[in-house]
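Just the structure for this:
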Amino acid sequence: MSLQVVLDQDKCSGLGLCEAEAPEIFEVREDGSLAVLDETPADEHRMACEAAVAACPTEALRLIES
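Numbering: from 1, shown residues only. Okay, here's the model as predicted:
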């Protein structure tokens, strides 16, 4: 089963809580926008991605399993 990270840029406020939880997956850029560095992370990053989604106060992130 593969994991996909989905970002709703319109909801994202660039606080960086996701980056704190999963810095290998998320990066807040200098302009305050969020970059998803790996939209289909390996299973080893699942727990960090789930923590990042849970930490997002604007609910801008979600995970899809396929």
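
is it true that Leu17 touches Thr58?
No - at 9.7 Å, Leu17 and Thr58 do not qualify as touching, with contact defined as Cβ atoms under 8 Å. From N, CA and C alone the C-beta is placed, and that goes for glycine too.

more neighbours, these two?
Leu17 (18 against 13; other Cβ atoms under 10 Å).

so how far is Ser2 from that one?
24 Å (Cβ to Cβ, to the nearest Å).

ok, now Asp38?
Going from Asp38 to Ser2 by Cβ to Cβ gives 12 Å.

When the two are compared, which one has more neighbours?
Asp38 (14 against 10).

Distance of that one relative to Pro57?
From Asp38 to Pro57 the distance is 22 Å (Cβ to Cβ).

Now do the longest helix anywhere in the chain: everything it contacts.
In the chain, assigned by DSSP state H, the helix with the most residues is helix 46-55. Outside helix 46-55, the residues that touch it by Cβ atoms under 8 Å, 6 or more residues apart in numbering are 3, 5, 17-22, 24-26, 41, 61-63.
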